[in-house]
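Peer 1: kindly return the folded structure for what I paste below:
(one chain, ligands or ions: 1)
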Amino acid sequence: MATGNRYLGLIDKYRDVLPVSDSTRLISIGEGNTPLIKLENIPALTGKNVDIYVKYEGLNPTGSFKDRGMTMAVTKAVEEGSKAIICASTGNTSASAAAYAARAGIKAFVLIPEGKIALGKLAQAMMHGAEIIQIKGNFDHGMQLVKEVAEHAPVTIVNSINPYRIQGQKTAAYEIVEALGKVPDYHCLPVGNAGNITAHWLGYTEMGKTSGEHPIMAGYQAAGAAPFLKGEMIDDPETVATAIRIGRPQSWDQAWAAQKESGGWFDLLSDEEILAAQKLLSEQEGIFCEPASAASVGGAIRDIKNGKIPEGSTIVCTLTGHGLKDPDTAISQCAINPKAIDASLDAVKAAILDKL
Ligand code: AN7
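Peer 2: Down below sits the predicted model:
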């Protein structure tokens, strides 16, 4: 058995390109190192010859890509002597902040929109012992309040406006290029606050400094929460993909820069299209992601079919969060509500033969 190469998290692996020193205490739960999975069945359904890979970020410790940025942000908060962190969140940031604060032995305050966060995310924030502050408002209201309160209380903001979050998250781009052995032609992401597309673009441009190579970045939003398509902030974002129910993206300028510099685009998907893509991935590939994540694959499939993404392309789609984050939305999509039958051989046999 191989020994001596235990994975110690992404800061340890990418310390050469991250703002840490040898004496920095790393707050890590083994995040990063997520699989880049080649889709085997969906490409054929597009009718085009393309390679599609998904970067399954749902396999991070708390089940979303947020852990990449959070390990870095909490590591620096602790290094700087902070005893408490705070964030506004549509769910995943709060789950991640709660877990890393627990690991570090500091306090986490999380502001979440009442009734609009997926069940699994709430369970995580509660289990990790975060101080949960539910507000009668949406993410954008929470974010504004967090910025204001941080000026009056000794708390470190760990939303993606914290530059260390972006630093940690850029490592996903490094892993992709390492796993593929080349730079992908296209990179498709769901976009909410736009921190992740900003972070990926930073990673790709750092790596491509001498070669100039980079993917074309495509960002997909939910139709009811699509400020990048509208060209301005919106007030009442609404979508079944609660993770990206955001009307005032914090990384607005950086995301436009990523789009323009990469030659990419933003587009939107209806809630129905998002849920259909989530189901397709589950049924065709055995990969369960949360609704927001599926926007990347749904958008990519559409743009492959319409030729915007040409044949012969290598495409990476980020699956930002695990499907188990939002069991309610998953179950409500499945028409068949399994009914109990008699616990007898005859009844079970009949049930099987009925389906073959
Ligand atoms: C699964 O947790 O904003 O464009 O507060 O959870 O970087 O914001 C979550 C965002 C995509 C959008 N997919 O990423 C939060 C939060 C999932 C997410 C996004 C989020 P950004």
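Peer 1: switch to C-alpha atoms for all contacts and neighbour counts from now on
Peer 2: Noted.
Peer 1: give me the residue from the stretch 1-150 of the chain nearest the ligand.
Peer 2: residue 89 (3.1 Å; CA to the nearest ligand atom).
Peer 1: what are the bridge partners for the residue lying closest to that residue once chain neighbours are set aside, then?
Peer 2: Once flanking residues are discounted, residue 89 sits nearest to residue 112: 5.4 Å by CA to CA, 6 or more residues apart in numbering. When bridges are called by DSSP bridges, residue 112 pairs up with residue 134.
Peer 1: for residue 112, which residues are in contact?
Peer 2: Listed by CA atoms under 8 Å, 6 or more residues apart in numbering, the contact partners of residue 112 are 88, 89, 90, 91, 94, 132, 133, 134, 135, 138, 139, 142.
Peer 1: distance check, it against residue 243.
Peer 2: Residue 112 sits 11 Å away from residue 243, going by CA to CA, to the nearest Å.
Peer 1: overlap in contacts of the two?
Peer 2: Going by CA under 8 Å, 6+ apart, residues that sit against residue 112 and also against residue 243 are 90, 91.
Peer 1: where does residue 30 land in three-state SS?
Peer 2: Using DSSP: H, G, I helix; E, B strand; the rest coil, the structure places residue 30 in coil.
Peer 1: residue contacts, it?
Peer 2: 7, 8, 9, 10, 60, 61 are the contacts of residue 30 under CA under 8 Å, 6+ apart.
Peer 1: what does the stretch 51-200 of the chain have sitting close to the ligand?
Peer 2: 89, 90, 91, 92, 93, 190, 191, 192, 193, 194, 195, 196 (CA under 6 Å from any ligand atom).
Peer 1: quick one, phi/psi of the residue lying closest to residue 275 once chain neighbours are set aside?
Peer 2: Setting aside the residues directly before and after it, residue 275 is nearest to residue 291 in space (CA to CA, 6+ apart), at 6.0 Å. Backbone torsions of residue 291, given as degrees, to the nearest 10, read phi -50, psi -50.
Peer 1: what's around residue 291, how many residues?
Peer 2: 33 (other CA atoms under 10 Å).
Peer 1: please look at it and residue 276 and confirm they touch.
Peer 2: No: shown here, residue 291 and residue 276 do not form a contact pair, counting by CA atoms under 8 Å, at 9.2 Å.
Peer 1: for the closest residue to residue 325 other than its chain neighbours, give its distance to residue 219.
Peer 2: In space, residue 325 comes closest to residue 120 once its chain neighbours are excluded; the distance is 4.4 Å by CA to CA, 6+ apart. Note on residue 120: its distance to residue 219, by CA to CA, is 25 Å.
Peer 1: and the two? which has more neighbours close in?
Peer 2: Just comparing residue 120 and residue 219: by other CA under 10 Å the higher neighbour count belongs to residue 219, 26 against 20.
Peer 1: secondary structure class for the more buried one?
Peer 2: strand.
Peer 1: now do it, the pLDDT please.
Peer 2: For residue 219, the pLDDT comes out at 98.
Peer 1: check contacts around the residue nearest to it when sequence neighbours are not counted.
Peer 2: Ranked by CA to CA, 6+ apart and with sequence neighbours excluded, the top spatial neighbour of residue 219 is residue 266, at 4.7 Å. Neighbouring residues of residue 266 by CA under 8 Å, 6+ apart: 218, 219, 220, 221, 228, 229, 259.
Peer 1: ok, the nearest residue in space to residue 118 that is not next to it in sequence - contacts?
Peer 2: Leaving aside its chain neighbours, residue 118 sits nearest to residue 326 (4.9 Å; criterion: CA to CA, 6+ apart). The neighbours of residue 326, taking CA under 8 Å, 6+ apart as the test, are 118, 119, 120, 121, 290.
Peer 1: which SS state does residue 174 fall under?
Peer 2: Quick answer, by three-state DSSP: residue 174 is helix.
Peer 1: any chance of the contacts of residue 266 in CSV, with distance to residue 204 too?
Peer 2: Output for the contacts of residue 266, formatted as CSV (distance: CA to CA, whole Å):
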residue, distance to residue 204
218, 14
219, 15
220, 19
221, 21
228, 22
229, 24
259, 13
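Peer 1: of all the residues you listed, which two lie farthest apart?
Peer 2: Pairwise distances across those (CA to CA) peak at 13.6 Å, for the pair 221 and 259.
Peer 1: the more surrounded of these two?
Peer 2: Taking neighbours as other CA under 10 Å, residue 221 and residue 259 compare with residue 221 leading, 31 against 20.
Peer 1: quickly find the element holding the closest residue to the more buried one other than its chain neighbours.
Peer 2: Nearest residue to residue 221 in three dimensions, chain neighbours excluded: residue 268, at 4.6 Å (CA to CA, 6+ apart). In this assignment (DSSP states H and E), residue 268 forms part of strand 265-269.
Peer 1: so what strands line up beside that strand?
Peer 2: Applying DSSP bridges, one finds strand 265-269 paired with strand 216-222 (parallel).
Peer 1: and the strand it pairs with, how far from the chain's centre?
Peer 2: Put simply, strand 216-222 sits 13 Å off its chain's centre (CA atoms, centre = their mean, to the nearest Å).
Peer 1: against residue 245, how distant is the residue nearest to residue 325?
Peer 2: With CA to CA as the criterion, residue 120 and residue 245 are 17 Å apart.
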